[in-house]
Every structure is written in structure tokens, then in C-alpha cells.
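K.L.:
how would this look folded up:
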Amino acid sequence: MAATQVIRSEWTKIRSVASTVWTLSLAVVVTIALGMLISALSKSEFENMNARDRLSFDPTFISFAGMSLGQLALIVFGVLVVSNEYSTGMIRTSLAAVPQRGTFLFSKLAVATLLALVVGMATSFVTFFLGQAMLGDLSARIGDPGVLRAVIGGGVYMTLIAMFSMGVAAMLRSPMLSLGILMPFFFLISNILGNVSATKKVGQFLPDQAGSKIMQVVVPVDDDVPYGPWGGLAIMVLWVLAALIGGYVLLKKRDA
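P.N.:
Numbering: from 1, shown residues only. All right, here's what the predicted structure looks like:
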């Protein structure tokens, strides 16, 4: 089967699954709503901040505060896109129709990644503008140094989270096992490692902590991270590539 036909087939599969629409919609709503709420709260608390906290005040990054929860919906999206066929048994039919496993996986990833990128970019820009509206006179403008990079980076970050989840799901095949590892990893383990002094230096190199650096415009006063926005994004890309390569290698080696 030609690659264009496979891509069209994968688009039909993704579009026809209700969970795809729900998870992406949830990612948008949660990210925007929580970002607006935290931006509004930050504005009301600004007068009570000490001089040190005011120097570290980053209106752009604050508007993306909801992404920590919104990314969980994108994790679910990435996992379901890849592992749904395994849980239903449809993977055998799919691989019989497309015996070139590389083409099969690439087409699935390409369609899902493009969809995640469109949703991620739209969410990032809307989140930024609504968050800045909540911040009022404390807000940043899209033309300020580093802001456009941070906003575009927010969309890229959401896309990479989905891609990493796809790679993990391709390796593990089971949606329950994939979610059972990814959810605690991003929601609990990463936060714990990043906030405990003994493991903080390790946590800095996890995909979400490194990747989120791209959305930061103002460097905190006590920041000791050994990389900048682009360095953090590069670390996250390496994590994503490792997951996708792992998924591809295991798909080629084992039976459906």
C-alpha cells in the first residue's frame, strides 16, 4: 500500500475514535482555563511578593501554568492513538494490510503529530493572550524579547509530550500499562525529583522539566539549571527520539 494511502487510512482511524476528540478538547480547555485562573491569582498576589519574587516574575510562563495538567490529556491522546489497535486486536488486520511496519508506524505518528501540533499551537497562543489579559498591567506583549519564542515553544512542547507518549505506547503496546507508567512519571515522579534537593540535578534532565524551559522568558534569580531554553528543548527531543526509535525497533522485532 502506498504511503499516502496509509496516511489517509490512519487519519480516518484517528478521526473516527471519539476519545481522540475528547482528549484533545480536554487538553485545550484545561490548559486555557487553569492558565487564566493562575494568571488572575498571580496578579492579585503581586503586591504581596517580596523584591526577589518580583524580579523572577515571568508573565509569559505564568500563563502556561495550566499546561502541567493539560499535558496529561495529550499523554492519553498519544497512548490511545498507538495502543488502541493492540487492545482491540485490530493491529493484526492493520499489519496484514500494511506489512511494511516502518511505513505503518511512521504514518500513524505523522498524522497524530500533525494533529497534536495544530492543537498545541492554537492552545499555546490562546492561553498566552487570555493569560496576559488576566494579568492586566503586569502582562507581556508578543513582541517583547523572547515571548514569541516561548509561545511557539509551548505548542512544540505539547506536541513533543504527545510524541513521547506515542513512542512509549509503541514499546509497551498496552494502553493501561503505558498510562500506568506515564501518568505517575509526569504528574508525581518528575515533580518529586525536581523539588528534592538530593535529586534536583537529575530531575532537570527529565523530558518535561527540560522541555518546559522553552516557555520561560524571565530567568529566576536562583536558577541553577545548566542549560537555556533551546538546550532544554534539545534534551526533550532526545527523549522523544529515544522513545520513538525504541517503539520502531520493537515493532519490527516482535509479532503483533
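K.L.:
Where does Val219 sit, in terms of helix or strand?
P.N.:
Under the criterion DSSP states H and E, no helix or strand holds Val219.
K.L.:
tell me the phi and psi of it?
P.N.:
phi -80, psi 120 (degrees, to the nearest 10).
K.L.:
distance of it from Gly102?
P.N.:
Distance, Val219 to Gly102, by Cβ to Cβ, to the nearest Å: 41 Å. For every residue, glycine as well, the C-beta is placed using N, CA and C.
K.L.:
ditto for Ser42
P.N.:
With distances defined as Cβ to Cβ, the gap from Ser42 to Gly102 amounts to 47 Å.
K.L.:
Among these two, which residue is more densely surrounded?
P.N.:
Between Ser42 and Gly102, counting by other Cβ atoms under 10 Å, Ser42 is the more crowded of the two (20 against 11).
K.L.:
What's the local residue count around Ser25?
P.N.:
By the measure other Cβ under 10 Å, the count of residues near Ser25 is 12.
K.L.:
go on, Leu55?
P.N.:
12.
K.L.:
what does Ile75 give?
P.N.:
Using other Cβ under 10 Å as the criterion, Ile75 is surrounded by 25 other residues.
K.L.:
Same question for the one 5 residues further on.
P.N.:
Taking other Cβ under 10 Å as the neighbour definition, Leu80 ends up with a count of 24.
K.L.:
Make sure it is actually in contact with Ser19.
P.N.:
Yes - taking Cβ atoms under 8 Å as the definition, Leu80 is a contact partner of Ser19 at 5.4 Å.
K.L.:
From the chain's centroid, how far away is the helix or strand hosting Tyr157?
P.N.:
Under the criterion of DSSP H and E, Tyr157 resides in helix 147-172. Offset of helix 147-172 from its chain centre (Cα atoms, centre = their mean, to the nearest Å): 4 Å.
K.L.:
and Val221, backbone torsions?
P.N.:
The main-chain torsion angles of Val221 are listed as degrees, to the nearest 10 and equal phi -60, psi -40.
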